[in-house]
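Peer 1: Turn this into a model:
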Amino acid sequence: MQNEWKFTAKDIAEKSDLLMSGHRACAGCAPATVLRLIMKATRGPTIVTNATGCMEVISSLYPQTAWAVPWVHTAFENAAANASGIDAALKILKKKGRIKHEHVDVIAFAGDGGTCDIGIQALSGAVERGHDFLFVLYDNEAYMNTGIQRSGGTPLGAATTTSPAGTVIPGKLEPKKPIADIMVAHEIPYVATASPYYWRDLIAKARKGLEVEGPAFLHVFAPCPRGWRSDPAKSIELSRLAVETCIFPLWEAVNGQYQLSPPSKAYALAPQKKKPVKEYLQIQGRFRHLFTPKFEKLIDEIQQITDLRWQKLLKKCGMA
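Peer 2: Next up, the predicted model:
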């Protein structure tokens, strides 16, 4: 990895948007903000491949596009496979002298369904082969584009159309899949988590992922007002609360070595500042049923799972 990239707010503001305005994202869509910010981290020529999902649909309805770079739509499960093919093709073209650029950044975007579930086979294979690309999971915690169905990234207790909250079942029965830890287990050069509220951290991590030689994985928290039944004006606030409650802590693993990022490190140094998960849950309609006598004990279970995962992370970072 090169020396840490330095940038200012002015640098980011002056760089042209590569995901342009005019797309069809819903009001308050955090994934659209995430993609726009990540594209600010690119070094030069860039090729994007996008799995089927919300960000594909909102940015590329024929005959229009919101992308100012070469962009390829691929099937739900194939973003990583497509990225590995692009990487292989670039290597051959460079060898033949047909590409003179020092860097051509390759970025694959996919949601939690296209990453944690039906895309995990292609992702695992691509990183095992060592292809040089950045894979970005924009995590809105369900299959939002196809009707808000639960995914492996959906958290415990969340109501979706395939894990409905009723009189017996309190939404999804299983905790969220620890996909970033699964990627660290693949022994790749760079894995990180990020949140759009902490935009400097997000952009810097995207740049680090692009600069490493080999595969990099970036897991970005991305609230969806439509699927979460939350106020569209609260999406970025939710991405902050997820960090403040340690439901979604920010960290990075460089060659397998974990370290907390500054926003989350603050809660390791001052645990009393960590907010209860209840503050995060109560402003989302998908958790409304948890605030009834029948299911309120599940809030305590979610808090326990959050605390346990936080303690495990602190140990990995050498802070517990």
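Peer 1: how many neighbours does G318 have?
Peer 2: As a burial measure, G318 scores 10 neighbours (other C-beta atoms under 10 Å). Where you see a C-beta, it was placed from the backbone N, CA and C, and this is true even at glycine.
Peer 1: From K274, how far off is it?
Peer 2: 19 Å (C-beta to C-beta, to the nearest Å).
Peer 1: helices and strands of the chain: which one bottoms out on pLDDT?
Peer 2: Lowest mean confidence among the helices and strands of the chain (mean pLDDT, DSSP states H and E): helix 9-14, at a mean of 87.
Peer 1: Next secondary structure element downstream of that helix?
Peer 2: helix 30-39 (DSSP states H and E).
Peer 1: For the next helix or strand after that following helix, name the packing helices and strands.
Peer 2: The helix or strand immediately downstream of helix 30-39 is strand 46-51, counting by DSSP H and E. With contacts taken as 3 or more C-beta pairs under 8 Å, 6 or more residues apart in numbering; DSSP states H and E, strand 46-51 sits against strand 71-74, helix 79-95, strand 105-110.
Peer 1: okay, now G22: neighbour count?
Peer 2: 8.
Peer 1: residues in contact with it?
Peer 2: Neighbour list for G22: Q64, A66 [criterion: C-beta atoms under 8 Å, 6 or more residues apart in numbering].
Peer 1: Next one: it from T65, what distance?
Peer 2: From G22 to T65 the distance is 9 Å (C-beta to C-beta).
Peer 1: May I have the secondary structure class of T193?
Peer 2: With DSSP: H, G, I helix; E, B strand; the rest coil as the basis, T193 sits in strand.
Peer 1: just to revisit the earlier point, in the least confident helix or strand of the chain, what counts as buried?
Peer 2: By 16 or more other C-beta atoms under 10 Å, helix 9-14 has no buried positions at all.
Peer 1: what's next to that helix, contact-wise?
Peer 2: Residues contacting helix 9-14 (C-beta under 8 Å, 6+ apart): K40, I203.
Peer 1: Keeping just the C-alphas, turn it into CSV.
Peer 2: This file holds the C-alpha atoms of helix 9-14, laid out as CSV (Å, rounded to 0.1, in the frame of the first residue of the first chain):
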residue,chain,number,x,y,z
ALA,A,9,-12.9,18.9,1.4
LYS,A,10,-12.0,21.3,-1.4
ASP,A,11,-10.3,18.5,-3.3
ILE,A,12,-13.4,16.4,-3.2
ALA,A,13,-15.8,19.2,-4.0
GLU,A,14,-13.7,20.2,-7.1
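Peer 1: quick one, phi/psi of the most centrally placed residue in the chain?
Peer 2: The chain has V220 as the residue nearest its centroid, 2.4 Å off, counting by C-alpha atoms, centre = their mean. The phi and psi values for V220, taken as degrees, to the nearest 10, are phi -110, psi 130.
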